[in-house]
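In: pasting a predicted model and its sequence here:
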Amino acid sequence: MNTIELKGVSKIYNNGVKALDNVSFKMNQGEFITIMGQSGSGKSTFLQIAGLLDKCTSGMVIINDQDVSKLSQNHLADIRKKSLGFVFQNFHLNAHLKLYENIMLPMLINEEYKTKDEMKKKAMELINMIGLSHRINHYPGELSGGEQQRVAIARAMANNPDFILADEPTGNLDSKNEIIIFEELKKLAQSGKGVLVVSHNDAVIDFADKIYIMKDGALEEKKNAE
Ligand SMILES: Nc1ncnc2c1ncn2[C@@H]1O[C@H](COP(=O)(O)OP(=O)(O)OP(=O)(O)O)[C@@H](O)[C@H]1O
Ligand SMILES: [Mg+2]
């Protein structure tokens, strides 16, 4: 999967809220793109639609030149599972699984991992990356907000996706850890992954190849002032 594209996408929720208004966007693997904007402007809605977790009301979502509305549910599920990694705004960790088991969870539905040992080895690599090797047997409820967030980021990388979509991945982190996370995401983009980050955090600006601003459901690219 090489590209994610939206053409004239609008989203009106059942309660009548127009969360996206005629949004067009395209990103390639290897790019680090950031979306900024006020609370309620439509950023999470955009990420959910670009990541095939929700459907738009009008317009088109195109993946690798294929209109996703023409793909079967199975095909879409396959794309989500193998090609997309999500970091959700509120983590969505499983409270009943230990840290390393949370990270292994997406691997269980990936045929590329043959044994639990293989999955655990990969989970340990990712845990090392996020600096939580001393916490592997902890449950999410025993971790700080920032630690849970780092687990969610590691989990998004479990299946080696082509694109990582992250909603406020540093919302609960201190400045040292937020830079570590942005550096990791930047490395992933440089290694050829597409990284799409929703953030309120100005620190992300130094890492992004492109910055977009969401305002009242409309997306606009921010050009450098001079
Ligand atoms: N499931 C839903 N049903 C109805 N309205 C929704 C739903 N989800 C979001 N909205 C509304 O759509 C608008 C955009 O919401 P969204 O969550 O995309 O904003 P956001 O930019 O991510 O905000 P934040 O920075 O606070 O996370 C808001 O007005 C919100 O109230
Ligand atoms: Mg949001």
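Out: Perfect, I can see it now. Numbering: from 1, shown residues only. Ligands and ions are numbered 1, 2, ... in the order given.

In: so residue 3 makes contact with residue 64?
Out: Yes. Counting by C-beta atoms under 8 Å, residue 3 does reach residue 64; the two are 6.0 Å apart. Where C-beta positions appear, they are placed from N, C-alpha and C, glycine not excepted.

In: so between those two, which is more surrounded?
Out: When neighbours are counted by other C-beta atoms under 10 Å, residue 3 and residue 64 differ, and residue 3 comes out ahead with 16 against 13.

In: the more buried one: what's it in contact with?
Out: Residue 3 sits next to 26-29, 62-65 when contact means C-beta atoms under 8 Å, 6 or more residues apart in numbering.

In: farthest-apart pair in the residues you listed, please.
Out: Using C-beta to C-beta, the two most remote members of the contacts of residue 3 are 29 and 62, lying 14.8 Å apart.

In: nearest residue to the middle of the protein?
Out: In the chain, the C-alpha closest to the average C-alpha coordinate belongs to residue 165, at a distance of 1.8 Å (C-alpha atoms, centre = their mean).

In: just confirm that residue is within a strand.
Out: Yes. Counting by DSSP: H, G, I helix; E, B strand; the rest coil, residue 165 is found in a strand.

In: and the longest helix for this structure?
Out: helix 175-190 (DSSP state H).

In: any weak-confidence spans in the chain?
Out: 224-226 (pLDDT under 70).

In: can you pull the residues of it lying near ligand 1?
Out: With C-beta under 6 Å from any ligand atom as the criterion, the chain meets ligand 1 at residues 13, 15, 17, 19, 37, 39-45, 89.

In: just the buried ones out of those residues, please.
Out: For those, a burial check counting by 16 or more other C-beta atoms under 10 Å picks out 19, 37, 41-45, 89.

In: looking at these, which are in helices?
Out: 43-45.

In: what is the nearest of those residues to residue 146?
Out: Using C-beta to C-beta, those come closest to residue 146 at residue 44, 19.8 Å.

In: for the closest one, what are its contacts?
Out: Residue 44 neighbours (C-beta under 8 Å, 6+ apart): 89, 167, 198.

In: what is the burial count for the closest residue in space to residue 170 that isn't next to it in sequence?
Out: Of all residues not flanking residue 170 in the chain, residue 178 sits nearest, at 3.8 Å (C-beta to C-beta, 6 or more residues apart in numbering). For residue 178, the number of neighbouring residues by other C-beta under 10 Å comes to 20.

In: which ones are touching residue 178?
Out: Applying C-beta under 8 Å, 6+ apart, the residues near residue 178 are 170, 201, 203.

In: got the phi/psi numbers for the closest residue to residue 163 other than its chain neighbours?
Out: Take residue 163 and drop its neighbours on the chain: the residue closest to it by C-beta to C-beta, 6+ apart is residue 194, 4.1 Å away. When read as degrees, to the nearest 10, the backbone of residue 194 gives phi -90, psi 130.
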